[in-house]
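Novice: Fold the following.
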Amino acid sequence: MACSANHSKGSGHGSQHGSGLIVGPNAWLQRKVHLRPQHRGVHLVTEEILRGLPELGQFSVGLMHIQLLHTSASLAINENWDPDVRDDMEMMLNRIVPEDLPFRHSCE
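Specialist: Take a look at the predicted model:
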């Protein structure tokens, strides 16, 4: 997963702090975050992303681009207040794309 963010929190001229974070009138952060392998299903990845991008706390507003480098992976962003939402999403995805569906692609 590759992530980048842009925001206008700082002032003055830009300077680089750490790996990939440039602070100034327009701050940028770009980082590759490796998520642990998961079996088919709906999974929370918030903690893994926060551990991989600790600099996110320096941003008050921004835009994030996420690229998933996996053939059959997808990303849904939801609030996490009600755990039933995750169960409902998994139920619907299993109906739409059953486990035994004969996929044509085999390269993951």
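Novice: Low-confidence bits of this structure, can you list those?
Specialist: Filtered on pLDDT under 70, the chain yields the residue ranges 1-20, 23, 108.
Novice: again, only using 90
Specialist: Within the chain, the ranges that satisfy pLDDT under 90 run 1-31, 37-41, 55-81, 83, 97-108.
Novice: Tell me the backbone dihedrals of the closest residue to residue 103 other than its chain neighbours, please.
Specialist: In this structure, residue 103 finds its nearest non-sequential neighbour in residue 72, 7.7 Å apart by CB to CB, 6 or more residues apart in numbering. Any C-beta I mention is one placed from the backbone N, CA and C, and that applies to glycine too. The phi/psi pair for residue 72 (degrees, to the nearest 10) reads phi -120, psi 30.
Novice: same deal with residue 58?
Specialist: Per degrees, to the nearest 10, the backbone of residue 58 is at phi -80, psi -10.
Novice: Check the contact between it and residue 22; I expect there is one.
Specialist: No. Look at residue 58 against residue 22 with CB atoms under 8 Å: they stay out of range, at 11.3 Å.
Novice: where do the helices sit along this protein?
Specialist: Secondary structure of the chain (DSSP state H): helices at 46-52, 83-96.
Novice: I'd like to check what contacts the longest one. Which residues are they?
Specialist: Right, the one you point to is helix 83-96. 41-42, 44, 76, 78-80 (CB atoms under 8 Å, 6 or more residues apart in numbering).
Novice: The same query, at a cut-off of 10 Å, please.
Specialist: Under the criterion CB atoms under 10 Å, 6 or more residues apart in numbering, residues 40-44, 74, 76, 78-80, 82 lie in contact with helix 83-96.
Novice: could you pull out the strands for this protein?
Specialist: Taking DSSP state E, the strands of the chain run over residues 2-7, 15-17, 21-23, 27-32, 63-67.
Novice: Quick check: the gap between the nearest residue to residue 52 once chain neighbours are set aside and residue 70.
Specialist: Spatial nearest neighbour of residue 52, excluding adjacent residues (CB to CB, 6+ apart): residue 33 at 3.5 Å. Applying CB to CB, to the nearest Å, the value for residue 33 to residue 70 is 13 Å.
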